[in-house]
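Participant: fold the following for me, if possible:
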Amino acid sequence: MLLNPENTLFVRGTTPVLLLAEAPVHDVLPALIAPDGAIPVCDGWGIVPKLTTCVVDGPGEHGLIVPAMAAPVLDGGAVSDDDPEAASAWCADAEQAGGAVVLSLDRLPEVLDWSHLLGSGTAHGGFVPLLS
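Facilitator: Next up, the predicted model:
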């Protein structure tokens, strides 16, 4: 299933994050409660971070595709839209980290409050390793 890039936010970092809103896989991903910041691995899930499309593959028929080049990327507090260099840098972060944290929410937050996202019980997901 193709997810509208407006319903995503790629967040750069040592462990990159992919935020999803209104994702069809929300209920399939495990509920995430990690108030201490220790994010569990999503067993049975994998990610393929590429510049044109980012694939999040789950168990069975579950998964989604994000048009990565068209999606916003948050890097150091600034959001870049439709920026191939920012998308490429996020993909490199994911390759270096061996995967990415995938968080599915009802809607994208206006402000990233990591303690709320990881501790409220409303997010689903976790660390999704690279598919080989």
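Participant: and whatever helix or strand residue 129 lives in, what's its mean pLDDT?
Facilitator: In the assignment (DSSP states H and E), residue 129 maps to strand 124-129. Strand 124-129 comes out with an average pLDDT of 97.
Participant: would you state the helices of this protein in chain order?
Facilitator: Applying DSSP state H to the chain gives helices spanning 84-97, 114-119.
Participant: where among those helices is average confidence lowest?
Facilitator: Among these, helix 114-119 has the lowest mean pLDDT, at a mean of 89.
Participant: and the contacts of that one?
Facilitator: For helix 114-119, contacts defined as CB atoms under 8 Å, 6 or more residues apart in numbering pick out 32, 33, 34, 35, 37, 39, 103, 105, 109, 123. Placement of C-beta: from N, CA and C, glycine included.
Participant: what about residue 117, neighbour count?
Facilitator: 19 (other CB atoms under 10 Å).
Participant: the residue most central in space within the chain: what's it in contact with?
Facilitator: The chain has residue 18 as the residue nearest its centroid, 1.7 Å off, counting by CA atoms, centre = their mean. Listed by CB under 8 Å, 6+ apart, the contact set of residue 18 reads 8, 9, 10, 11, 47, 54, 56, 66, 100, 101, 102, 103.
Participant: could I get these as JSON lines with distance to residue 23?
Facilitator: Listed next are the contacts of residue 18 as JSON lines, based on distance: CB to CB, whole Å:
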{"residue": "8", "distance to residue 23": "9"}
{"residue": "9", "distance to residue 23": "12"}
{"residue": "10", "distance to residue 23": "14"}
{"residue": "11", "distance to residue 23": "16"}
{"residue": "47", "distance to residue 23": "13"}
{"residue": "54", "distance to residue 23": "12"}
{"residue": "56", "distance to residue 23": "8"}
{"residue": "66", "distance to residue 23": "9"}
{"residue": "100", "distance to residue 23": "14"}
{"residue": "101", "distance to residue 23": "14"}
{"residue": "102", "distance to residue 23": "9"}
{"residue": "103", "distance to residue 23": "10"}
